[in-house]
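S.K.: The following comprises the amino acid sequence and a computationally predicted model.
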Amino acid sequence: MNNLESILTENRVFPPNPAFAAKARIGSRAAYDALVAEANSDYEGFWARLAREFVTWDTPFSTVLDESNAPHYRWFTEGKLNASVNCIDRHLPTKASKIAIIAEADDGSVREITYQQLHDQVVALANGLKSLGITQGDRVVIYMPMIPEASIAMLACARIGAIHSVVFGGFSAEALRDRINDTGARLVITADGGMRGGRMVPLKAAVDKAIENGCPNIEQVVVFERLGNATLMAERDITWSALTAGQPTTCPPVMVDAEHPLFLLYTSGSTGKPKGVQHATGGFLVNAAMTNAWVFDLNDDDVYWCTADVGWITGHSYVTYGPMALGVTQVMFEGIPSYPDGGRFWQMIERHKVSVFYTAPTAIRALMKLGDEVPAKSDLSSLRLLGTVGEPINPEAWMWYHRVIGGERCPIADTWWQTETGAHMIAPLPGAIATKPGSCTLPLPGIMAAIVNDEGELIGPNQGGNLVITRPWPSMIRTIWGDDARFQRSYFPEKLKGYYLAGDSARRDNEGYFWIMGRIDDVLNVSGHRLGTMEIESALVAHPLVAEAAVVGKPHEIKGESIVAFVVCKGDRPEGVAAEAMVKTLRDWVAEQIGPIAKPDEIRFGDNLPKTRSGKIMRRLLRGIAKGELPEGDVSTLENPAILEQLLGK
Ligand code: WTA
């Protein structure tokens with residue numbers, strides 16, 4: 001990881017919009033610098049202040065940070081709190097009739113839920129769970145469509161101190177079973193089905209299959225009647241409505257220790273079985289609420305929409321806990337961006353007057369491909385801020401988002417963070433920090449990010465290396481559920497001096513801005529030059545005929561690795577002579593954009609790329625395909641398995 005070469009130069013700079021900055025919570029670079037200085041001079045005092053500002057404690061904490069059992073850091077110990085109280089009860093005196101959730105279903109029908117109604121439903125379900133014998137510390141798996149009841153289920157668990165583990169509704173029965181068993185959950189909360197793009201997602205059937213294949217601990221399944229067609233398995237199943245009917249209208253919240261696990265969330269490593277990332281109640285809530293307020297600059301009159309599913313960390317921090325801790329109104333969407341047509345997101349922004357919109361680069365690129373005419377049909381003037389997360393955003397996609405969706409007036413918050421970090425780590429404060437397309441900009445105040453070599457030594461500007469966080473922060477991963485050793489090995493490898501290893505490579509520019517170059521294991525080594533795949537992909541996507549690109553290395557006798565690019569073109573997939581011509585065009589283009597060293601040796605065209613359900617390109621599979629092998633092993637997390645054969649040319 002020493003001296004990773006950086007070859008992408010992006011010179012455009014967008015200073016904060018003055019009209020935006022004038023009203024922002026943190027409205028100038030000086031205000032940002034002051035917060036950074038505060039954190040530097042009194043780290044614990046800084047976090048204690050924010051913990052008191054953003055979270056309501058039942059018993060105040062006395063220790064801010066306990067490092068005695070590092071790297072299992074403990075935050076806000078002796079403090080007690082309840083996450084559902086922070087997300088609901090404390091708003092009721094002033095906001096009982098405020099809309100918490102505007103839920104748009106796949107078919108376009110809309111439900112609105114106030115904070116009072118949210119309270120009543122969470123309490124009813126929490127009492128129902130108690131009646132099933134669920135108590136503090138029990139694990140509950142949630143496998144739901146993207147509907148308000150998913151958040152209600154999470155909050156009901158939190159209310160009684162149960163630990164939830166949400167499994168994305170797009171995962172297979174197999175993946176679900178493995179996660180259920182790893183958590184040791186006694187209960188699953190699911191729905192009879194969900195709707196995505198006009199098609200039924202048979203969630204209950206998947207739960208049944210998972211249990212049939214062996215989930216020895218599961219005693220009961222709660223089924224929300226989304227479609228009204230559930231097949232109940234006598235003993236084991238109970239409908240949500242039967243469980244909640246006639247329950248008391250109050251449910252005393254269980255005040256848990258700050259370190260009590262709020263949830264487990266499984267995330268894939270590059271190898272091995274999924275890791276159950278464990279988050280703690282107090283610290284998680286502090287960072288989730290604080291970043292929602294600072295990075296998205298949320299106010300009482302905003303209509304906020306994060307398009308992530310609750311099955312991902314983004315749905316935990318920026319759908320359920322963060323926005324609800326702040327008491328904002330948010331849109332929740334069951335469906336997909338392309339149904340009934342590619343204008344759905346933009347129509348919804350107009351319909352609900354969304355002011356803050358947060359989505360992923362993969363969605364932005366897909367929608368960009370449809371042309372500017374599509375968003376032009378909707379009135380997007382309610383928007384005031386745009387966010388992105390999940391992977392590096394190519395400068396071209398950033399510019400499109402800025403120009404066509406943001407009308408050149410909305411700041412773009414490119415937020416770098418991970419399941420393990422729990423909340424935004426590196427992201428622009430929109431009223432304070434000038435943005436550069438493709439950069440997640442600067443660490444948030446209180447986040448000590450750095451770039452180091454493999455020995456943990458700091459390296460200078462414009463050299464790529466390991467992205468690390470040098471000090472613990474409140475919402476950090478506490479452990480991998482049931483595997484402390486793997487936790488330590490994966491995130492705090494000995495050589496790195498106790499720094500948290502993110503597993504991403506990045507560089508800082510002369511102004512200290514961070515540019516994420518990709519995951520460490522995606523790094524190419526071509527003729528002794530280390531190249532981040534991201535930069536070559538960005539160059540490819542910058543070509544007017546290219547919609548999407550992924551680059552991997554393939555072993556090469558002389559050069560170490562040769563570069564193989566998988567490209568999705570705008571319009572039809574080129575074949576025959578047209579493909580040959582396009583290959584030449586793109587190779588010359590990359591040579592021109594970056595230099596001959598980055599020229600792909602091989603380019604293959606597909607209608608799409610193999611992606612995880614969360615939209616991440618699976619480079620591991622592409623590396624196999626580049627070598628001419630159909631991947632062995634588990635492809636069950638793949639959105640579109642058929643694409644593998646096409647890319648292989650079979
Ligand atoms: C990548 C999602 C560049 C990165 C919140 C990270 C990003 C991984 C960005 C975590 C960004 C996320 N720019 N890369 N703004 N955001 N990533 O756990 O490689 O699903 O390590 O969390 O996504 O993915 P995860």
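M.R.: Now that the structure is in, tell me what you want to look at. Numbering: from 1, shown residues only.
S.K.: So, low pLDDT: which residues of the chain?
M.R.: Where the chain drops to pLDDT under 70, the residues are 1-9, 234, 268-272, 528, 530, 633-634, 636, 650.
S.K.: what is residue 164 paired to in the beta sheet?
M.R.: When assigned by DSSP bridges, residue 164 has beta-bridge partners residue 140, residue 263.
S.K.: and the gap between residue 291 and residue 617?
M.R.: 26 Å (CB to CB, to the nearest Å). Just so you know, the C-beta spots here come from the backbone N, C-alpha and C atoms, and that holds for glycine as well.
S.K.: The two: who's more crowded?
M.R.: More neighbours surround residue 291 than the other of residue 291 and residue 617, with 26 against 22 (other CB atoms under 10 Å).
S.K.: Now do the same contact list for that one.
M.R.: Residue 291 makes contacts with 317, 322, 423-424, 427, 444, as judged by CB atoms under 8 Å, 6 or more residues apart in numbering.
S.K.: And the helices in the stretch 501-650 of the chain, which stretches?
M.R.: Assigned by DSSP state H, counting those that start in this stretch, the helices in the stretch 501-650 of the chain fall at 533-541, 576-593, 619-626, 643-648.
S.K.: And stretch 393-406, what's buried?
M.R.: By neighbour count with 16 or more other CB atoms under 10 Å, stretch 393-406 contains the buried residues 393-402, 404-406.
S.K.: Stretch 249-267 too?
M.R.: 251, 253-267.
S.K.: Filter the residues you listed down to the ones in strands?
M.R.: Judged by DSSP state E, strands contain the following of these: 256-257, 261-267.
S.K.: just those residues that are near the ligand?
M.R.: Counting by CB under 6 Å from any ligand atom, residue 267 from these sit close to the ligand.
S.K.: any chance of the ones in strands among the buried residues of stretch 249-267 in a markdown table, with distance to residue 387 too?
M.R.: Listed next are those as a markdown table, based on distance: CB to CB, whole Å:
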| residue | distance to residue 387 |
| --- | --- |
| 256 | 30 |
| 257 | 32 |
| 261 | 27 |
| 262 | 23 |
| 263 | 22 |
| 264 | 25 |
| 265 | 20 |
| 266 | 24 |
| 267 | 20 |
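S.K.: Could you single out the nearest of the ones in strands among the buried residues of stretch 249-267 to the ligand?
M.R.: residue 267 (5.1 Å; CB to the nearest ligand atom).
S.K.: Distance check, that closest one against residue 518.
M.R.: Taking CB to CB, one finds residue 267 at 17 Å from residue 518.
S.K.: one step back: which two from the buried residues of stretch 393-406 end up farthest apart in space?
M.R.: Put simply, by CB to CB the two of these set farthest apart are 394 and 406, 16.1 Å from each other.
S.K.: Up against the ligand, what does the chain have?
M.R.: 267, 312-314, 389-392, 414-419, 440, 502-504, 516, 519.
S.K.: again, only using 5 Å
M.R.: Listed as neighbours of the ligand in the chain under the rule CB under 5 Å from any ligand atom: 389-392, 414, 416-419, 440, 504, 516.
S.K.: so of those, which ones are in strands?
M.R.: Using DSSP E, the subset of these located in strands is 414, 504, 516.
S.K.: The last one touches residue 466, doesn't it?
M.R.: Yep, that's residue 516 we're talking about. No: assessed by CB atoms under 8 Å, residue 516 is found out of contact with residue 466, at 11.8 Å.
S.K.: Residues in contact with both of the two, list them for me.
M.R.: With CB under 8 Å, 6+ apart as the test, residue 516 and residue 466 both reach 504-505.
S.K.: Listing partners with orientation, what would you give for the helix or strand in which residue 103 is found?
M.R.: Per DSSP states H and E: residue 103 is located in strand 99-104. Using DSSP bridges, strand 99-104 pairs in its sheet with strand 110-114 (antiparallel), strand 329-333 (parallel).
S.K.: Could you single out the most deeply buried of the ones you listed?
M.R.: Most buried of the strands paired with strand 99-104, by mean neighbour count (mean count of other CB atoms under 10 Å): strand 329-333, with a mean of 23.
S.K.: distance between that one and the chain's centre?
M.R.: 16 Å (CA atoms, centre = their mean, to the nearest Å).
S.K.: helices and strands around the helix or strand following that strand, which ones?
M.R.: With elements assigned by DSSP H and E, the helix or strand that comes after strand 329-333 is helix 344-352. Packing partners of helix 344-352 (3 or more CB pairs under 8 Å, 6 or more residues apart in numbering; DSSP states H and E): strand 99-104, strand 303-306, strand 329-333, strand 356-359.
S.K.: and those strands, which is most packed in?
M.R.: Most buried among the helices and strands packed on helix 344-352, counting by mean count of other CB under 10 Å: strand 356-359, with a mean of 26.
S.K.: Parallel or antiparallel, list what pairs with that one.
M.R.: In the sheet, strand 356-359 lines up with strand 303-306 (parallel), strand 385-388 (parallel) (DSSP bridges).
S.K.: Need the ones you listed in TSV (columns: distance to residue 339).
M.R.: As requested, these are exported to TSV (distance: least, CB to CB, whole Å):
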stretch	distance to residue 339
strand 303-306	17
strand 385-388	22
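S.K.: give me the number of residues near residue 202?
M.R.: Neighbours of residue 202 (other CB under 10 Å): 16.
S.K.: And it, its phi and psi?
M.R.: Note on residue 202: backbone dihedrals following degrees, to the nearest 10 are phi -80, psi 80.
S.K.: Please list all residues in contact with it.
M.R.: Contacts of residue 202 (CB under 8 Å, 6+ apart): residue 193.
S.K.: let's see it at 10 Å
M.R.: Residue 202 makes contact with 173, 192-194, 208-209, 227, 229, according to CB atoms under 10 Å, 6 or more residues apart in numbering.
S.K.: Go through the strand or helix carrying residue 490 and flag the buried ones.
M.R.: Residue 490 belongs to helix 484-491 when assigned by DSSP H and E. Residues of helix 484-491 classed as buried by neighbour count (16+ other CB under 10 Å): 487-488, 490-491.
S.K.: Same question for stretch 376-387.
M.R.: 378, 380, 382-387.
S.K.: Also stretch 281-295?
M.R.: 281-295.
S.K.: the residue most distant from the middle of this structure, which is it?
M.R.: residue 577 (40.5 Å; CA atoms, centre = their mean).
S.K.: Run a quick neighbour tally on residue 371.
M.R.: Residues lying near residue 371 (other CB under 10 Å) number 12.
S.K.: Does it touch residue 342 like I think?
M.R.: Yes: using CB atoms under 10 Å, residue 371 is in contact with residue 342, at 9.0 Å.
S.K.: what angle separates the strand holding residue 103 from helix 344-352?
M.R.: 140 degrees (axes from the mean of the first three to the mean of the last three CA atoms, to 10 degrees).
S.K.: Could I get the full set of helices for the stretch 101-250 of the chain?
M.R.: 115-131, 148-159, 173-183, 203-212, 240-244.
S.K.: Comparing those helices, which comes out most buried?
M.R.: helix 148-159 comes out most buried of the helices of the stretch 101-250 of the chain by mean count of other CB under 10 Å, with a mean of 28.
S.K.: quick one, what contacts the spatially most central residue of the chain?
M.R.: In the chain, the centroid-proximal residue (CA atoms, centre = their mean) is residue 314; its distance is 3.6 Å. By CB under 10 Å, 6+ apart, the contact list for residue 314 reads 306-308, 322, 358-360, 387, 389-390, 415, 417, 419, 614.
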